[in-house]
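**Student:** my questions are about this predicted structure, shown below with the sequence.
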Amino acid sequence: DGGITQSPKYLFRKEGQNVTLSCEQNLNHDAMYWYRQDPGQGLRLIYYSQIVNDFQKGDIAEGYSVSREKKESFPLTVTSAQKNPTAFYLCASWEGAGELFFGEGSRLTVL
Amino acid sequence: SQQGEEDPQALSIQEGENATMNCSYKTSINNLQWYRQNSGRGLVHLILIRSNEREKHSGRLRVTLDTSKKSSSLLITASRAADTASYFCATDRGAGSYQLTFGKGTKLSVIP
């Protein structure tokens, strides 16, 4: 089935550690996105990528990094510089028109 | 920055009643979309309305768009308990934009 796969679904991190969230899509979409969701805050854009080897900062990129080496993959690294990383992270892809397709999310908790 | 803002933030209705949610936005758009999110899950696309459209229907969903007021509404008719979810509007940032901006959502509870 075509879609977006995020892993892991749940992740725990100690303070000071970097963690990487995986996002893979088999929809052949050029654009991919990472959103952060906090209770009552809706979705906020972290990074997005329109094509391979190119990505742009969103509204809350500080403390995060991404790469786009393959069309299918857009991993997000939450670095130790992110002071409040506990949140629900959503990956999405888009063919440039119409709807976004979302993964099921990854919940990161800092211990 | 939030482009779309939904209201109310929360809505509780009885099964069978209609639910109306509103979305306001600030800048010109190419289209506006509505999404649904069940608790702890990803978002699912419901309906897209283009800037040159005023109303669109899909099953029990009716969406309106008023570009002069920069607002949209989502009506769910004959609600069911399974409609319980959060609903978000999303707007692009104009023609050619690859960014979608989401509001904070309306949390709908349908009581059986």
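**Tutor:** Received, thanks.
**Student:** residues contacting residue B:64?
**Tutor:** Residue B:64 sits next to B:49, B:54-55, B:72-73, B:75 when contact means Cβ atoms under 8 Å, 6 or more residues apart in numbering or on different chains. For glycine as for every other residue, the C-beta is placed from the backbone atoms N, C-alpha and C.
**Student:** any quick ChimeraX command for the buried ones out of these?
**Tutor:** To isolate in ChimeraX the members of the contacts of residue B:64 that are buried, counting by 16 or more other Cβ atoms under 10 Å in any protein chain shown, one can use:
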select /B:49,72,73
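**Student:** quick check: which element contains residue A:93?
**Tutor:** Assigned by DSSP states H and E, residue A:93 belongs to strand A:87-94.
**Student:** the nearest residue to residue B:92 once chain neighbours are set aside and residue B:79, how far apart?
**Tutor:** Nearest residue to residue B:92, sequence neighbours excluded (Cβ to Cβ, 6 or more residues apart in numbering or on different chains): residue B:30, at 4.9 Å. Distance, residue B:30 to residue B:79, by Cβ to Cβ, to the nearest Å: 30 Å.
**Student:** with residue A:56 instead?
**Tutor:** Taken as Cβ to Cβ, the span from residue A:56 to residue B:79 is 39 Å.
**Student:** the more surrounded of these two?
**Tutor:** More crowded of residue A:56 and residue B:79, by other Cβ atoms under 10 Å in any protein chain shown: residue B:79, with 21 against 13.
**Student:** which of the three states applies to the more buried one?
**Tutor:** Here residue B:79 is recorded as coil under DSSP: H, G, I helix; E, B strand; the rest coil.
**Student:** mind listing what the nearest residue to it once chain neighbours are set aside touches?
**Tutor:** Among residues not flanking residue B:79 along the chain, residue B:110 sits closest, at 4.7 Å (Cβ to Cβ, 6+ apart). Contacts for residue B:110 (Cβ under 8 Å, 6+ apart) come out as B:13-15, B:19, B:79-84.
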